[in-house]
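S.K.: just a sequence and a predicted model for now, questions to come.
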Amino acid sequence: MTSIPKAVRKIVKKEEDVIKQLCTLVEQLSNEAIEARGSFTIGLSGGSMAKFLCVGLPKIQTDWAKWSLFFCDERLVPFSNEDSTYKLYLAGLVGKTPLKEDQFVVINPDLEVDAAAKDYEEKVRAKFPESAWPRFDLLLLGMGPDGHTASLFPDHPLLEEKSVWIAAIHDSPKPPPCRVTMTYPVINNAGCCAFAMAGQGKADMVKRILGDGESLPSGRVRPTDGELIWILDEAAASKL
Ligand SMILES: O=C(O)[C@H](O)[C@@H](O)[C@H](O)[C@H](O)COP(=O)(O)O
């Protein structure tokens with residue numbers, strides 16, 4: 001087993017500091033990308049990542065009009081459903097920042113899941129024309145209690161999916177069962193992948209992945225030509 005030599009660990013005192021570090025990173029990378037290329041592409045995740053971003057992003061300084069926002073994974077439910085990740089961001093960021101609804105590249109929840117994955121891939125391809133693989137400026141990822149990230153779950157065949165940008169999952173062990181997810185070739189082609197987490201509940205899995213180097217889905221996030229950053233509070237890092 002190997003550890004992750006390229007992962008930068010930023011350990012801060014408590015959850016509010018995790019939020020500050022995370023949103024400072026987003027601010028810095030957005031400004032760099034906009035200066036270099038005139039646009040900023042960011043992939044979002046649900047769970048506590050959504051909560052952190054909705055608290056912290058309204059305070060950053062950036063050229064919001066230049067942002068395009070994507071979903072590292074999304075649950076195939078109507079946008080009105082409490083399980084919709086997009087719904088969280090819509091409520092937390094639109095109206096609280098200058099971001100507009102049409103800057104979010106969203107799934108079509110009316111399609112069945114395979115068609116929804118294809119449709120989402122087409123929407124992503126339209127933003128990265130002529131690329132073999134898209135290069136997102138920043139992908140923000142969560143880590144579940146089983147070590148999953150995006151909708152890439154332990155021992156699932158999707159961990160080996162290398163032919164598509166966006167895959168469908170019909171049997172997610174975490175409900176709801178139908179989702180679409182970015183695949184590893186996409187995730188690992190990003191300019192930066194960042195995890196952010198807080199609390200004792202994360203400590204065992206953080207140790208298994210960052211300390212012991214277990215090959216769980218979150219540990220397989222290793223950008224081939226980009227940065228990997230884990231932002232942890234002291235409780236989440238307590239077993240390292
Ligand atoms: O769609 C989902 O079910 C969530 O996006 C999920 O993948 C989440 O990112 C992790 O489970 C971590 O969640 P917490 O950060 O809330 O523990």
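M.R.: Now that the structure is in, tell me what you want to look at.
S.K.: buried ones in stretch 12-31?
M.R.: Neighbour counts over stretch 12-31 (16 or more other Cβ atoms under 10 Å) mark 12, 15, 17-23, 25-27, 29-31 as buried. (Glycine included, C-beta is placed from N, CA and C.)
S.K.: so who does residue 75 touch?
M.R.: 46, 83, 84, 85, 176, 178, 179 (Cβ atoms under 8 Å, 6 or more residues apart in numbering).
S.K.: residues touching the last one, list them.
M.R.: To tie it back to what came earlier, the one meant is residue 179. Residue 179 neighbours (Cβ under 8 Å, 6+ apart): 73, 74, 75, 76, 113, 151, 168, 169, 172.
S.K.: that one and the ligand: what is the separation?
M.R.: Residue 179 sits 7 Å away from the ligand, going by Cβ to the nearest ligand atom, to the nearest Å.
S.K.: excluding covalently adjacent residues, which one is nearest to residue 23?
M.R.: Of all residues not flanking residue 23 in the chain, residue 56 sits nearest, at 3.3 Å (Cβ to Cβ, 6 or more residues apart in numbering).
S.K.: tell me, how many neighbours does the one you found end up with?
M.R.: Applying other Cβ atoms under 10 Å, we find 20 residues neighbouring residue 56.
S.K.: surely it is in a strand?
M.R.: No - counting by DSSP: H, G, I helix; E, B strand; the rest coil, residue 56 falls outside a strand, being helix.
S.K.: quick one: it and residue 22 touch, right?
M.R.: Yes - between residue 56 and residue 22 there is a contact at 6.3 Å, judged by Cβ atoms under 8 Å.
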